[in-house]
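A.B. asks: quick one: sequence plus predicted model below, questions after.
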Amino acid sequence: MLPTTQPPNHPTIKPPNYMTKIIPPAFITQSEEQLDKGYDPNVARGLLQFLKPYAGRMSFALGLMVIVTAAAVSGPYFIKLAIDDGINAKNPIALRNIALAYLVVSILQLGLNYWRVRIMARVGQHILYDVRTTMFDHLQKLSLSFYNRYSVGRVITRVINDVGTLREFITWAVLAIVRNLLGIVGTLIAMLTLNLKLSLLTFAVLPFMVLATVLFRKAARKNYRKVRAAVSWTNSVLAENVNGVRVVQAFSRQKHNSNYFGGFVNRYFLETSMDAARLAALFTPVVDVLGALATALIVYIGGTAVLGESITAGVLIAFVLYIDRFFEPIRDLSRRFDTLQSTMAGGERILELLNTPVEVRDAENASEMKPIIGAVRFENVSFHYSDDPTLVLDQIQLDVSSGKTVSFVGETGAGKTTIVKLLTRFHDPTDGGVLVDGVDLRTVTQQSLRRQMGMVLQDPFLFNGTVRENILFGRLDANDEDVIAAAKAVGAHDFIVNLKSGYETSVEEGGATLSVGQRQLISFARALLANPRILILDEATSSVDMQTEQVIQTALARLLKGRTSFVIAHRLSTITSADKIVVIEGGRIAEQGTHAELLARQGKYFELYKTGFQD
Amino acid sequence: MKNLFRIAPFLKPYTGQIALTLLTLLTLTGLNLLVPRIIQNVIDDGLLRGDSTYLIRSAFLLLGLGLGSALLSLVNRYSAEWVAAHVGFDLRNRMYDHIQYLPFEYHDHAQSGQLISRCIEDVRAIERFSGSSIAELVRFVLLTVGILFVMLSANVTLAVIALLPMIPLVLMTGSFGARIGKLFFAVDAAVGEVSNRLQENVTGVQVVRAFARENYEIKRFEAANMDVFRKWVKVVDEWAKIMPTTNWLTTLGTILILFFGGQMVMEGTMTIGAVVAFNAYILMMAEPAQALTGLVNAGGEAAAGAQRVFEVLDAEPAIHSRKEAVILSALSGEVEFQNISLKYQDEKTESLSDVNVRVKRNQIVALIGPTGSGKTSLVNLIPRFYDVTDGVALVDGYDVRDVELTSLRKQIGIVLQTSLLFSDTIRGNIAYGRPDATEEEIIAAAKAAQAHEFITGFTKGYDTIVGERGVTLSGGQRQRVAIARALLMDPRILILDDSLSSVDTQTEKLIQAALDTLMEGRTTFVIAHRLSTVRRADLILVMDKGRIVERGTHAELLAGGGLYKEIHDLQLMQRDSFAEEMSEIEPIFGEKPAHENTIYSNRSNSG
């Protein structure tokens, strides 16, 4: 046993010598152990659902495969016939006929095989399309708390990589497994029909073959887990250092990081690759030796039989050919096992995502929300997340009449954002109810409700596409004049027309080419175009500097006019003119009133306001 | 293809192992070629002449050959994979190293996900190719040559007939390879688009929901998804065509041998054993010929992978120390910008123009101005994160391009706008720039950054792991750890990029206090929009559109009546109205506890 070592948390020491095995940190190995899946009937059943719509086509392809296999298995038999009845019998006509028959069968095999591969491969792609679409649809329904738990990277890994392992399985492995099984059965039948004694002789090697395969599988499985651990360790170290490359350079950590990567992470990768190589290098020769053993036995015992004239030379030759066809599928099956394993792991993760319950869903008899007038009422609303019983909101009682502006203030984590998320029904209250125009939100469809609401967030998210498309996102049927009018109203028109291609300028990922202020103005235009009856601004101005904020304030005033508005801001100077200021503390309403009223009370608001101006 | 050859230098250190691989391969191929020959003898000499001793000998010979070739193939496979694993290891190290040294400008445009997949997926593709695939290819060539030789020397006519179907097989495989490469490229692009759609949708999930655009998004996704489907179907159709056809061509070879060879046997020009051996040779050749499809695939993937890998390795670490670079000893801390202009690669306008500043040792310089006015661009020039387009940035009189980078950066402490921490312990994060720091130094730095208290509040204290798989720190806590990290460097020059806009007022006060300690006795550049910080600066630079529009002390700038005064008045105005409000409620103010009074009066005095 070689000595082992785990990398130190802070690698100031040199990497260990090359005789020492590296062990990755516990969090890597643990997560890989969880992923280590054998065949799991639940996962298989879950995945089977996706095959259902194609059951007809798949059974047809299976039928084709049976014929194709039969045709393939008949090959050595034709050779036997040619030798015994044609050549040895010195019958040129029989030889011609046998060759022709063989040709016809092989052409049939070609045609059917083409048909079968085409059907199955297409079905495979259909299934993958369905899986991706189902996942995306489900993602559109999952509540926002799901997205707090799941990073963007993880979602993408599920939909792209895990579905990718499924692809390997569906397009190749399923086909290959069925083909191999059929091949083994077919060869078995052919051999038994030809000669029982020689068949049993061949099968004598089989137990060793099974043993070798089982041992190999066991070792391969253990190894596979390590390979996965190596990849995921490398991945996480790389991800962190690429994302943090600016800090790396600022603190001149490159050499140190390289030592760590080369001495531990990448070296573990190398070690696991070598282990896998050793294993793979061992398995095939073992199978080959067994094959050679079988052939040698057949040659000797079969040959003796030929001499004793109990079998023909053709039978012997056919047998030698069958041995190869018998071992090849077994070898192939053991290779496919890897795919099966990763499919089970990937499949489980896909199903986990698809089985994540949708927390907020439309009631069965949900009606369309009528045009909103704008009165909002929170009736004894309490809320906690499903996985944590601590109340985030506690007995919120709030009345807002139509067209008024309400501001929520309070410290980070007080519950301001949660309140507006209940209003847009991103979450449902655990107690009490949220009413708009007297209608409980749970009785109407989410779409009809949100279509009448607008929201501007701290980070103005823009989509890849042109400026025009981004504004249009608010109301898809708007025309160009509407878009320009909206942009003008929020003061964005001027800078937009000065961009390289005006409204057709494309916005890069995350809107990198525009300044934060410009992006925020575009998001205002988008909200204005949607012409919402209820508008929510969540820290909409906090990421811009004061000068930009001045510009935005003017736009804001226009945006807020005539709508019921909810504003969250941590710069209190921006909300003093609100009709109502609500101070949230620990999930409760601590105070509410106008700016003047609250200052006069000298309570919590007064405190907050004061610190805001302190230097 | 050209890129594939560029892998060669990475193979070079393993010439010995590669030679071993090839040598075993050559022997192995020779042994393989013997097997049909033995079977032929069994049939012709053993069976037809009825010589039974021949059978035993042949059986043992076959077994011996089997064992021998198994041993060789073991060595062969292992050495091939050994080389592959080491090539992969070297490539990953090279990539990792290179990426770390690529300048900010490169990382501004690169997508991190892509870089990572290049280091892992693409290197794996190259690895696979340089191991088993190259060996397979060589095996194919050796086998083909060997089989051709054996067959032609046995019977030219039958050899030509038997090999006829192999010609279209090889040609088809070749053209398949060319086509499939392009088709795969299209698949990759389509999958990339799906992944982009997804990323955007997930990142913008709140916006999508808020505007009730789910159905619109689903439609767009389905379009991209359908494209992936179509592109795959094209690939799959090619497969459906090639796989059965290559199979059939092999069978055709067998049939031709049977028919023509059979006739020759009847004519007496050939033995049955030879016919059987011919068939065995064709089968032997067909297997690697069919594997050629997979090989071409692997080659295509490796070539694409190599292209992407070398794209990264070819990117120049434009910012690196020159050979004759000066290694800086302890800095005094003077910084000077002379006639500086800076234009980023893909931008039309200059981000900095005509900047001239001279900063003396231990001065505090404040930079203010609107977003995008060039404040961050300017301070980024001091640690040479970017190179100037024109002019020169000097530290202690040295052009930063002439000094050794590490010796420069080790003396500069930076707190970036977003305080990125690594998923490591808090101790590890603070000691990031100085892994050899002692426990006392780390705690001292944390204390100075006002972070010690909350750190010891965790059950594991400094051993608490932060980040994705540990404790989630608040924005303010992260910021203070980042400050401690910079402080531990005991830098001569300190750069504080505005970092307070995303924390609430209370936290801001705490951090401000930490920063004040940090600035003492160092040349400090601070980007801020709070006038309190700015006011105590020795030099205030007001920036707008990449230029310094005003400079001076607080008092000078106020007297100047420019942009600075405007900004100042804006804040002052708010403060005035605040003061006014306060005075209105003054009558009841006395009832409040005394310490709040103090805070209030402090504020009015200074304001």
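C.D. replies: Cool, the structure landed.
A.B. asks: what about whichever residue of chain B sits closest to chain A, neighbour count?
C.D. replies: Of all residues in chain B, B:G66 sits closest to chain A, at 2.3 Å by CB to the nearest CB. C-beta here means a position set from N, CA and C on the backbone, and glycine is covered the same way. Using other CB atoms under 10 Å in any protein chain shown, B:G66 is surrounded by 22 other residues.
A.B. asks: do the same with B:S373
C.D. replies: Counted with other CB under 10 Å, the neighbours of B:S373 add up to 25.
A.B. asks: which ones are touching it?
C.D. replies: B:543-546 (CB atoms under 8 Å, 6 or more residues apart in numbering or on different chains).
A.B. asks: buried members of the residues you listed into ChimeraX, please.
C.D. replies: Burial among the contacts of B:S373 is assessed by 16 or more other CB atoms under 10 Å in any protein chain shown; the matching ChimeraX selection reads:
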select /B:543,544,546
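A.B. asks: got the contacts of B:S373 as CSV, with distance to chain A, pLDDT and secondary structure columns?
C.D. replies: Listed next are these as CSV, based on distance: CB to the nearest CB, whole Å; pLDDT from 0 to 100; DSSP: H, G, I helix; E, B strand; the rest coil:
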residue, distance to chain A, pLDDT, secondary structure
B:M543, 12, 89, strand
B:D544, 9, 86, strand
B:K545, 12, 85, coil
B:G546, 13, 89, coil
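A.B. asks: so where's the chain shaky on pLDDT?
C.D. replies: Assuming you mean chain A. A:1-19, A:27, A:30-39, A:338, A:508-513, A:541-548, A:570-571, A:573, A:612-615 (pLDDT under 70).
A.B. asks: chain B is the one I meant
C.D. replies: Ranges of chain B meeting pLDDT under 70: B:1, B:346-347, B:418, B:467-471, B:498-507, B:529-532, B:571-607.
A.B. asks: let's see that with 50 instead.
C.D. replies: Within chain B, the set of residues satisfying pLDDT under 50 comprises B:586-607.
A.B. asks: show me which helix runs longest in it.
C.D. replies: helix B:52-101 (DSSP state H).
A.B. asks: return the set of buried residues in stretch B:287-303.
C.D. replies: Neighbour-count burial for stretch B:287-303 [16+ other CB under 10 Å]: B:288-293, B:295-303.
A.B. asks: stretch A:318-338 too?
C.D. replies: Under 16+ other CB under 10 Å, the buried positions of stretch A:318-338 are A:318-331, A:333-334, A:336-338.
A.B. asks: restricted to helices, list the residues you listed.
C.D. replies: Filtering the buried residues of stretch A:318-338 for helices - DSSP H - leaves A:318-331, A:333-334, A:336-338.
A.B. asks: also near chain B: which of the residues you listed, exactly?
C.D. replies: Among these, proximity to chain B is found for A:320, A:324 (CB under 8 Å from any CB of the partner chain).
A.B. asks: contacting residues for A:T405?
C.D. replies: So A:T405 contacts A:560, A:564-567, A:577-580 (CB under 8 Å, 6+ apart).
A.B. asks: what about the residue lying closest to B:Y78 once chain neighbours are set aside, distance to B:A291?
C.D. replies: Taking CB to CB, 6 or more residues apart in numbering or on different chains, and ignoring the residues beside it in sequence, B:Y78 has A:A281 as its nearest neighbour in space, at 3.9 Å. Using CB to CB, to the nearest Å, A:A281 is found at 18 Å from B:A291.
A.B. asks: with A:H126 instead?
C.D. replies: Distance, A:H126 to B:A291, by CB to CB: 29 Å.
A.B. asks: quick check: which element contains A:F283?
C.D. replies: According to DSSP states H and E, A:F283 maps onto helix A:266-297.
A.B. asks: who's in contact with the closest residue in space to B:L416 that isn't next to it in sequence?
C.D. replies: Once flanking residues are discounted, B:L416 sits nearest to B:D497: 5.4 Å by CB to CB, 6+ apart. For B:D497, the contact set (CB under 8 Å, 6+ apart) comprises B:376, B:379, B:414-417, B:527.
A.B. asks: of those residues, closest to A:G587?
C.D. replies: For the contacts of B:D497, the residue nearest A:G587 by CB to CB is B:Q417; the value is 30.9 Å.
A.B. asks: show me where the chain has strands.
C.D. replies: Let's take chain A. Using DSSP state E, the strands of chain A run over residues A:4-5, A:21-22, A:376-383, A:393-400, A:405-409, A:431-436, A:439-440, A:453-456, A:465-466, A:506-507, A:534-538, A:564-568, A:580-585, A:588-593.
A.B. asks: think we crossed wires, I meant chain B
C.D. replies: B:335-342, B:352-359, B:364-368, B:390-395, B:398-399, B:412-415, B:493-496, B:523-527, B:539-544, B:547-552.
A.B. asks: make a markdown table from these and add distance to A:I471 to it.
C.D. replies: Below are the strands of chain B laid out as a markdown table (distance: least, CB to CB, whole Å):
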| stretch | distance to A:I471 |
| --- | --- |
| strand B:335-342 | 32 |
| strand B:352-359 | 32 |
| strand B:364-368 | 32 |
| strand B:390-395 | 38 |
| strand B:398-399 | 47 |
| strand B:412-415 | 36 |
| strand B:493-496 | 37 |
| strand B:523-527 | 32 |
| strand B:539-544 | 28 |
| strand B:547-552 | 32 |
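A.B. asks: and the ones you listed: which comes nearest A:K21?
C.D. replies: Among the strands of chain B, the nearest to A:K21 by CB to CB is strand B:412-415 (38.5 Å).
A.B. asks: which elements pack onto the closest one?
C.D. replies: helix B:475-488, strand B:493-496 (3 or more CB pairs under 8 Å, 6 or more residues apart in numbering or on different chains; DSSP states H and E).
A.B. asks: partner strands of it, parallel or antiparallel?
C.D. replies: Sheet pairing of strand B:412-415 (DSSP bridges) gives strand B:493-496 (parallel).
A.B. asks: which residues touch the strand it pairs with?
C.D. replies: So strand B:493-496 is contacted by B:331, B:333, B:335, B:379, B:382-383, B:395, B:411-415, B:486, B:515, B:518-519, B:522-528 (CB under 8 Å, 6+ apart).
A.B. asks: now list the buried members of the residues you listed.
C.D. replies: B:331, B:333, B:335, B:379, B:382-383, B:395, B:411-415, B:486, B:515, B:518-519, B:522-528.
A.B. asks: from chain A, which residue is nearest to chain B?
C.D. replies: A:A292 (2.3 Å).
A.B. asks: my guess is that residue contacts B:L71, does it?
C.D. replies: No - if you go by CB atoms under 8 Å, A:A292 and B:L71 don't touch, sitting 11.9 Å apart.
A.B. asks: list the contacts of the residue of chain A closest to chain B.
C.D. replies: Applying CB under 8 Å, 6+ apart, the residues near A:A292 are B:62-63, B:65-67, B:70.
A.B. asks: any idea how chain B splits into domains?
C.D. replies: With domains defined by automatic domain parsing, chain B comprises B:2-314, B:335-554, B:561-607.
A.B. asks: filter the buried residues of stretch B:287-303 down to the ones in helices?
C.D. replies: If you go by DSSP H, those have B:288-293, B:295-303 in helices.
A.B. asks: closest to A:T356 among those residues?
C.D. replies: B:E301 (33.9 Å).
A.B. asks: the closest one is in contact with B:V123, isn't it?
C.D. replies: No - with contact defined as CB under 8 Å, B:E301 does not count as touching B:V123 (11.7 Å).
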